[in-house]
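1. following is a predicted model, sequence given first.
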Amino acid sequence: MYLPEKFLDKMRELLKDEFELFLKSYDNIKFQGLRVNTLKISVEDFKKISPFKLRPIPWCKDGFYFEEGERPAKHPYYHAGLYYIQEPSAMTPAEVLNPQPGNRVLDLCAAPGGKSTQIAAALDGQGVLVTNDINMNRVKALIKNIELFGIKNAIVTNEKPEKIKKYFENYFDKILVDAPCSGEGMFRKDPSMVKSWEKHDATYYMPIQKAIMDNVDYMLRAGGNVLYSTCTFSPEENEEIIKEFIKDNSQFYIVDIPKNNGFSKGRPEWVNGEKELEGCIRLWPHKLEGEGHFLSLMKKEVKENEKSFHFEGKSNVKPSKEFYDFVKENLNTSIKGEFEVHNNNLYLVPEGLPMLKGLKVLRSGWFLGTFKKNRFEPSHAMAMGLNYKDVKRVINFNVGDKEVVKYLKGETLNIGGEKGWTLVCVDGFSLGWAKQTGNMLKNLYPPAWRWLD
Ligand SMILES: C[S@@+](CC[C@H](N)C(=O)[O-])C[C@H]1O[C@@H](n2cnc3c(N)ncnc32)[C@H](O)[C@@H]1O
């Protein structure tokens, strides 16, 4: 493959004896992975029904390699949100950050949501995930993935980190900064990255990365962790950013990440930095089965007399009667908690959020549906977050049934049944809503999500 001379010269200089091995890795196949959505199915159960031959990814308990030629994005289980297709090395940051159920986590540069879906699975519905990206187009993909995964405790925002910061003083237990970068580690996976590198190399991204990191201290509670990651090799965007961050934020120190699974240490000598930078890890394509990445985990020390913090209470809206009528008529379960209504859209919000007035919030927890004239219309996100047992009328297809793809293509199905909202499922996993009228099942699968030939 074509690699720019300037890039090769730099890597030759950095890697010295290792350079030839590094270069040879570009002739290898690219490794492809998927990560099981444990919010919907356990890894053990997925292995039993997996249509793909899977091989474990050593550094991610829910991650697997699949073979070349397989097309997991073209399978009904993908539309049921049973897995996320993700480059294997990209599964490391969330795994190393290791969020626990109940944590408050911020994913600051989150779109299209690979790491956010992984964090949400680890939270297991408890705690809060604030997931943000500055780019509105990319946020749309983020929302889709959050909803497809059936995630109920995510706040999706489209803001500059400087703005978000003001709302969340000392709030988060964990912050992920998966920074925009020159993408040198992705050339093999996506050769178009070479072109964008020729336009914007490390010198373009460094100030952006530094500016993003400048917001972390204010939002992270003492004792909390921040994980910085990139998919590039350049020391300027990696060790250098961490060196500067530690210098400017004396309460932080680097946590040593174990060098197992083929992970290599950080390289302080490349930036004239302290030995503690060796605690970072580098993922090299010639040393493991994945693309190039850099990760640094840092902890914010707890100081004595740490100042305490309070959150303002939120106004808890009681949803109108139409919502409760819908629940009574269509669900076998109740939906309880704090609710919010924005532009007639009803959300179930995670507990303990500060006031977010003035912030560009696109999803404020589990988007349940919309109040329309005298009625409540459930959302696709509600369907994706429900279990088939939760719904009164369910139509369940086997994965091989022709109706599954017909439904995913948006076609009307000629099937009779009891009138009303019906949850369409594949092998017991929800795909979306349909509305039964007479002998017709009106298809309500979102047009933008349709299966394309
Ligand atoms: C490496 S990508 C994130 C990938 C994502 N974490 C995932 O796992 O799917 C970096 C993201 O940073 C976003 N970005 C760029 N500048 C930003 C900024 N100043 N604040 C927040 N996000 C930013 C880009 O839009 C891009 O989506």
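-> Perfect, thanks for sending it. No experiment lies behind these values; they were computed from the predicted model shown. Residues are numbered from 1 along each chain as shown.

2. list the residues that contact Asp124.
-> The contact partners of Asp124, by C-beta atoms under 8 Å, 6 or more residues apart in numbering, come to Thr38, Leu39, Pro101. C-beta here means a position set from N, CA and C on the backbone, and glycine is covered the same way.

3. select only the buried ones of the residues you listed in PyMOL?
-> Of those, the buried ones can be selected in PyMOL as follows, counting by 16 or more other C-beta atoms under 10 Å:
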select buried, resi 38+39
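
4. take the contacts of Asp124 and lay them out in a markdown table including pLDDT.
-> Below are the contacts of Asp124 laid out as a markdown table (pLDDT from 0 to 100):
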| residue | pLDDT |
| --- | --- |
| Thr38 | 98 |
| Leu39 | 98 |
| Pro101 | 97 |
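
5. quick one: the helices in the stretch 1-150 of the chain?
-> For the stretch 1-150 of the chain, the helices defined by DSSP state H, counting those that start in this stretch cover 5-15, 19-24, 43-49, 76-79, 92-97, 114-123, 136-148.

6. of the ones you listed, which is nearest the ligand?
-> Proximity to the ligand (C-beta to the nearest ligand atom) singles out helix 114-123 among those, at 3.1 Å.

7. tell me the residues of the stretch 251-400 of the chain that contact the ligand?
-> Taking C-beta under 6 Å from any ligand atom, no part of the stretch 251-400 of the chain reaches the ligand.

8. what's the nearest residue to Lys406 if we skip its chain neighbours?
-> Excluding the flanking residues, the one nearest Lys406 by C-beta to C-beta, 6 or more residues apart in numbering is Leu413, at 6.2 Å.

9. separation between the one you found and Lys321?
-> Relative to Lys321, Leu413 is positioned 31 Å away (C-beta to C-beta, to the nearest Å).

10. try Tyr2
-> Distance from Tyr2 to Lys321, by C-beta to C-beta: 63 Å.

11. which of Leu413 and Lys321 has more residues huddled nearby?
-> Leu413 (17 against 10; other C-beta atoms under 10 Å).

12. pull the contacting residues for that one.
-> Contacts for Leu413 (C-beta under 8 Å, 6+ apart) come out as Glu403, Lys406, Tyr407, Ala434, Met440, Leu441, Asn443.

13. hmm, 7 Å instead?
-> Residues near Leu413 by C-beta atoms under 7 Å, 6 or more residues apart in numbering: Glu403, Lys406, Tyr407, Leu441, Asn443.

14. and the first one, what's its pLDDT?
-> Translated: Glu403. Looking at Glu403, its pLDDT stands at 97.

15. which secondary structure element contains it?
-> helix 402-408 (DSSP states H and E).

16. may I see the buried residues of that helix?
-> Under the neighbour-count criterion of 16+ other C-beta under 10 Å, helix 402-408 has Glu403, Val404, Lys406, Tyr407, Leu408 buried.

17. who's in contact with that helix?
-> Identification of contacts with helix 402-408 by C-beta under 7 Å, 6+ apart yields Pro76, His79, Phe397, Leu413, Val424, Val426, Leu431, Asn443, Tyr445, Arg450, Trp451.

18. same question for stretch 66-78.
-> 29, 32, 34, 51-54, 83, 85, 399, 404, 408, 426.

19. for that stretch, what is the distance to the chain centroid?
-> Put simply, stretch 66-78 sits 19 Å off its chain's centre (C-alpha atoms, centre = their mean, to the nearest Å).

20. and if you look at stretch 427-442?
-> Distance, centroid of stretch 427-442 to centroid of chain: 28 Å (C-alpha atoms, centre = their mean).

21. helices and strands of this structure: which one bottoms out on pLDDT?
-> Within the chain, confidence by mean pLDDT, DSSP states H and E is lowest for strand 338-342 among all helices and strands, at a mean of 90.

22. got the angle for the helix or strand following that strand vs strand 338-342?
-> Following strand 338-342 in sequence order, the next helix or strand is strand 345-349 (DSSP H and E). Orientation check (axes from the mean of the first three to the mean of the last three C-alpha atoms, to 10 degrees): strand 345-349 against strand 338-342 gives 150 degrees.

23. other SSEs contacting strand 345-349?
-> When contacts are defined as 3 or more C-beta pairs under 7 Å, 6 or more residues apart in numbering; DSSP states H and E, strand 345-349 packs onto strand 338-342, strand 366-372.

24. for Leu423, which non-adjacent residue is spatially closest?
-> Val391 (4.2 Å).

25. show me where pLDDT drops low in the stretch 1-150 of the chain?
-> Counting by pLDDT under 70, the stretch 1-150 of the chain shows no low-confidence range.

26. do you know how far Lys392 is from Leu21?
-> Remark: distance between Lys392 and Leu21 (C-beta to C-beta) = 60 Å.

27. for the residue nearest in space to the middle of the chain, give me its contacts.
-> Using C-alpha atoms, centre = their mean, the residue of the chain that lies closest to the mean C-alpha position is Ser116, 2.2 Å off. For Ser116, the contacting residues are Asp107, Ala110, Leu129, Thr131, Leu142, Ile146, Ala154, by C-beta under 7 Å, 6+ apart.

28. elements contacting the helix or strand containing Arg363?
-> Counting by DSSP H and E, the element that carries Arg363 is strand 361-364. Under the contact criterion of 3+ C-beta pairs under 7 Å, 6+ apart, strand 361-364 touches helix 136-148, strand 154-157.

29. contacts only, for Gly33.
-> Counting by C-beta under 7 Å, 6+ apart, Gly33 makes contact with Ile57, Gly63, Phe64, Tyr65, Gln86, Glu87, Pro88, Met91.

30. what about 8 Å?
-> So Gly33 contacts Ile57, Cys60, Gly63, Phe64, Tyr65, Phe66, Ile85, Gln86, Glu87, Pro88, Met91, Gly290 (C-beta under 8 Å, 6+ apart).

31. show me the domain layout of this protein.
-> The chain breaks down by automatic domain parsing into domains covering 31-85, 386-453.

32. and the ones you listed as CSV, adding distance to Cys280?
-> Shown next, in CSV, are those (distance: least, C-beta to C-beta, whole Å):
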stretch, distance to Cys280
domain 31-85, 15
domain 386-453, 38
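
33. great, nothing more from me.
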